[in-house]
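*Asks:* attaching a predicted model along with its sequence, questions to come.
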Amino acid sequence: MFAAVCRVQWKASFTAVVLLAVAGFTVPLLAVQRAGFSVGDRRAWDLVNMLTSVETTGTLFPVLAVIVGLALAVSAWSADHQGDHVYALTLPVPRWYYVLLRFGAGALLVVPITAAVGLGCALAIGSLDLPVGLRTYAMAVTLRFTLAALVGYALMFALAAGSKRTSAMVLGGVAVMLALTEVLAAAGLGLLVDLLVGRLGPFEIFAGPWTLIGV
Amino acid sequence: MSRIRLPLGLLLLGVASGARAQTPEERAWLARLEQRAAAFATRRERTDSLALVHHDTLRVGPLLVLTDSAAAPVLRTALDRLRAQLIEALGTEHVTTLEGAVLVVRFGPPDPAWGRLIAGDAQFIQAPRGAATPQRVGRQLAHGVQQILMRRGGRSMTAWRADLRLFEDPTPLLEATYIELVTSHLPGARQCFQGLLAACGDALRIVTDTGGPPLDQAEGLPAFVEQRYRWRANEPALARPYAACVGPRDPGACVVFLDLIGAEVPSLSTRARGTVLLAARNLAGADGVTRFFADSAAALVPRLEAAAGVPLDSLLAGWRATILAHRPPATSIPAGTQWLAVASVLGLAALATRSTRWR
């Protein structure tokens, strides 16, 4: 049954997965190219600015991870939402089991995207002749991206599994919180944000660092 | 406030307070302040200034501390800490290095009269009145002592422009210097990183503190000028000097160009230069710092050698080894963060199975 669910979900998500894989493959190459690591006389490199640029471009990784989570979670539930869950309710399996099948199939689709990110990182790093003393973090960034994409996917999947009202309330709440981060901080509620993405928060993985090259 | 007078021997090691300064020099210093205060124009200024002159004083070893709030427990605790820091950072010989030094600590609101009164004769510290903690005031006192030392560093120290951080935890400073050494655009810094000690001296401006271009950096100087100051080539007065530097790749012309625009020949930062003295202290102990300040009229290299107790090459080798040993650890995802992410995924999946849509 899992294979069947995977097949259906693959068909529904194919385009999104391909597009996101291309994006994931491009980000590391873009980071290295934008910083100027692959061009010019190495003696004239301004490494401080170049490393800062790599770090800045690296912030695209968590954004991409959230988009991956959103796209896969929405497509995982789209067929059921369209059919008002009638098909799912007629299946001779417990509901929790069916939800886990959907969840597993969607999570599996994260793999090709993270593989593309890993390949992009390896290619970006492999194409460089870096000065002695610098370190590369292709594996660390790929692993962090994988975990962030899975967390993002799980969050969106849980939201999409709820009623429309619940999803709207949670997503609206998060959006308001992000928009009012400064206000919340001033009101002493910055702690709430820290609890979510700070040390030991459930979304700490998004906090980075996301740099491909460092000291 | 207690007005205990301690014998001079105890004063050298502890914090003590008294109604007047102890030595004739200090008495003369206070008399000079009194004269200055009397010459102030307004009565208010005179009154405020004399309040400082006649206030009780504290002592930390050789340091005389004047304050408007000598009884404050915060200041006493901070001074106790400073005493320990002085011995740790400068050794027991610091008494001679700081002889006659005066710190003025004001807890009250800022008063310009005080600044005018001490006018360069003492280090002035404005402590925060409400938010004063022993740690914070202690940091200010240590910074004040550092400024006194920098002023007593002599001409060679002024020309070197090293930023001394003798009382701080050296680890972040040494890590920052490692990063600077690795990421520097200076060819000298890169060669130093790869083990060429003469290049370390150049990059730290120890060997060539006369203002001339360091030989090992000469090759990279035109590239540096081109990269940083290309935008100034359009200025009529600078076009020709810029072309003379960048065109034929002439380092001498580049120095002329940098002089014209008021820029320095590139080298490692003043903070990085200050770590050389930390390395000397590592090699010779805290008394090495006192030896460095003992002969402020001497040239930089002999002073550094005296501080470290070894020739310059050995000092630079020690400095380089210290810096390389402080490479910041590689960035990794802590195991806790990874497990937390997995737990979040499982928790959210479990939440999804409990959705209200199914009940």
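*Replies:* Nice, I can see it.
*Asks:* can you check the pLDDT for the closest residue to B:Val65 other than its chain neighbours?
*Replies:* Leaving aside its sequence neighbours, B:Val65 sits nearest to B:Leu58 (C-beta to C-beta, 6 or more residues apart in numbering or on different chains; 4.2 Å). (Each C-beta comes from the backbone N, C-alpha and C, glycine too.) For B:Leu58, the model assigns a pLDDT of 79.
*Asks:* for A:Ala35, same thing?
*Replies:* Taking A:Ala35 on its own, its pLDDT is 82.
*Asks:* also B:Gln338?
*Replies:* 91.
*Asks:* find the residue closest to it in space, skipping its chain neighbours.
*Replies:* Closest residue to B:Gln338 apart from its sequence neighbours, by C-beta to C-beta, 6+ apart: A:Leu147 at 6.4 Å.
*Asks:* low-confidence ranges, the stretch 51-200 of chain B, go.
*Replies:* Along the stretch 51-200 of chain B, the model assigns pLDDT under 70 to residues B:51-56, B:69-71, B:93-95, B:119-121.
*Asks:* would you map the strands across chain A?
*Replies:* Ranges of strands in chain A, per DSSP state E, are A:135-136, A:213-214.
*Asks:* for chain A, name the helix or strand with the lowest mean pLDDT.
*Replies:* Sorted by mean pLDDT, DSSP states H and E, the helices and strands of chain A end with helix A:181-186, the least confident at a mean of 65.
*Asks:* geometric centre of chain A: which residue is closest?
*Replies:* A:Ala65 (1.1 Å; C-alpha atoms, centre = their mean).
*Asks:* so that residue is in contact with A:Ala149, correct?
*Replies:* Yes: A:Ala65 lies in contact with A:Ala149 (C-beta atoms under 8 Å); the separation is 4.4 Å.
*Asks:* and stretch B:351-359, average pLDDT?
*Replies:* Here the average pLDDT along stretch B:351-359 is 71.
*Asks:* in chain A, which spans are helices?
*Replies:* Secondary structure of chain A, counting by DSSP state H: helices at A:2-35, A:47-58, A:60-82, A:86-90, A:95-108, A:110-126, A:138-161, A:164-179, A:181-186, A:190-197.
*Asks:* and the residue nearest to B:Gln338, what does it touch?
*Replies:* Going by C-beta atoms under 8 Å, 6 or more residues apart in numbering or on different chains, A:Leu147 touches A:Ile205, B:Ile333, B:Gln338, B:Ala341, B:Val342.
*Asks:* assign B:Phe124 to helix, strand or coil.
*Replies:* When classified by DSSP: H, G, I helix; E, B strand; the rest coil, B:Phe124 comes out as strand.
*Asks:* what bridges to it?
*Replies:* B:Val104 (DSSP bridges).
*Asks:* and it, what is it in contact with?
*Replies:* By C-beta under 8 Å, 6+ apart, the contact set of B:Phe124 is B:Val104, B:Arg106, B:Trp114, B:Gly115, B:Ile118, B:Gly144.
*Asks:* near the last one, how many other residues are there?
*Replies:* This means B:Gly144. 22 (other C-beta atoms under 10 Å in any protein chain shown).
*Asks:* what strand or helix carries it?
*Replies:* According to DSSP states H and E, B:Gly144 maps onto helix B:134-151.
*Asks:* how far does the helix or strand following that helix sit from the chain's center?
*Replies:* As assigned by DSSP H and E, the chain's next helix or strand after helix B:134-151 is helix B:154-160. How far helix B:154-160 lies from its chain's middle: 14 Å, per C-alpha atoms, centre = their mean, to the nearest Å.
*Asks:* give the other helices and strands that helix B:154-160 contacts.
*Replies:* helix B:300-308 (3 or more C-beta pairs under 8 Å, 6 or more residues apart in numbering or on different chains; DSSP states H and E).
*Asks:* change it to 10 Å
*Replies:* In this structure, helix B:154-160 packs against helix B:134-151, helix B:270-284, helix B:287-294, helix B:300-308, with contacts taken as 3 or more C-beta pairs under 10 Å, 6 or more residues apart in numbering or on different chains; DSSP states H and E.
*Asks:* what's the angle between the third one and helix B:300-308?
*Replies:* The one in question is helix B:287-294. Counting by axes from the mean of the first three to the mean of the last three C-alpha atoms, to 10 degrees, helix B:287-294 points 150 degrees away from the direction of helix B:300-308.
*Asks:* check which residues of helix B:287-294 are buried.
*Replies:* In terms of neighbour count (16 or more other C-beta atoms under 10 Å in any protein chain shown), helix B:287-294 has its buried residues at B:Asp287, B:Gly288, B:Val289, B:Thr290, B:Arg291, B:Phe292, B:Phe293.
*Asks:* and what of stretch B:340-350?
*Replies:* Buried-residue list, stretch B:340-350, by 16+ other C-beta under 10 Å: B:Leu340, B:Ala341, B:Ser344, B:Val345, B:Leu348, B:Ala349.
*Asks:* could I get the full set of strands for the stretch 1-150 of chain B?
*Replies:* For the stretch 1-150 of chain B, the strands defined by DSSP state E, counting those that start in this stretch occupy B:15-18, B:57-60, B:63-67, B:102-106, B:123-126.
*Asks:* near chain B at all, stretch A:126-133?
*Replies:* Yes: Stretch A:126-133 reaches chain B (C-beta under 10 Å from any C-beta of the partner chain) through A:Pro131, A:Val132, A:Gly133.
*Asks:* you'd agree B:Val265 is in a helix?
*Replies:* No: if the criterion is three-state DSSP, then B:Val265 is coil and not within a helix.
*Asks:* which one among the buried residues of helix B:287-294 gets closest to B:Pro222?
*Replies:* The closest of the buried residues of helix B:287-294 to B:Pro222 turns out to be B:Phe292 (C-beta to C-beta; 35.5 Å).
*Asks:* contacting residues around the closest one?
*Replies:* B:90, B:97, B:149, B:153-154, B:157, B:164, B:276-277, B:280-281, B:284, B:298, B:300, B:303-308 (C-beta atoms under 10 Å, 6 or more residues apart in numbering or on different chains).
*Asks:* report the separation between it and chain A.
*Replies:* Going from B:Phe292 to chain A by C-beta to the nearest C-beta, to the nearest Å gives 30 Å.
*Asks:* out of the helices of chain A, which is closest to B:Val246?
*Replies:* helix A:47-58 (20.0 Å).
*Asks:* thinking again about what came up before, out of the contacts of B:Phe292, which end up buried?
*Replies:* For those, a burial check counting by 16+ other C-beta under 10 Å picks out B:90, B:97, B:149, B:153-154, B:157, B:164, B:276-277, B:280-281, B:284, B:298, B:300, B:303-308.
*Asks:* what sits against the closest residue to B:Gln146 other than its chain neighbours?
*Replies:* Nearest residue to B:Gln146, sequence neighbours excluded (C-beta to C-beta, 6+ apart): B:Leu164, at 5.7 Å. Residues in contact with B:Leu164 (C-beta under 10 Å, 6+ apart) are B:89, B:146-147, B:149-150, B:153, B:157, B:270-271, B:273-278, B:289, B:292.
*Asks:* again with B:Val102
*Replies:* B:21, B:26, B:29-30, B:33, B:57, B:63-66, B:118, B:121-124, B:144, B:148.
*Asks:* again with B:Phe107
*Replies:* B:Phe107 sits in contact with B:67-70, B:72, B:74-75, B:125-130, B:132, B:137, where contact means C-beta under 10 Å, 6+ apart.
*Asks:* phi, psi of it?
*Replies:* Backbone torsions for B:Phe107, taken as degrees, to the nearest 10, come to phi -90, psi -20.
*Asks:* repeat for B:Ala132
*Replies:* Torsion angles, degrees, to the nearest 10, at B:Ala132: phi -70, psi 120.
*Asks:* now do the contacts for it.
*Replies:* Contacts of B:Ala132 (C-beta under 10 Å, 6+ apart): B:Ser69, B:Ala72, B:Val74, B:Leu75, B:Ala78, B:Val105, B:Phe107, B:Gln140.
*Asks:* can you pick the most crowded of the residues you listed?
*Replies:* B:Ala78 (27 neighbours).
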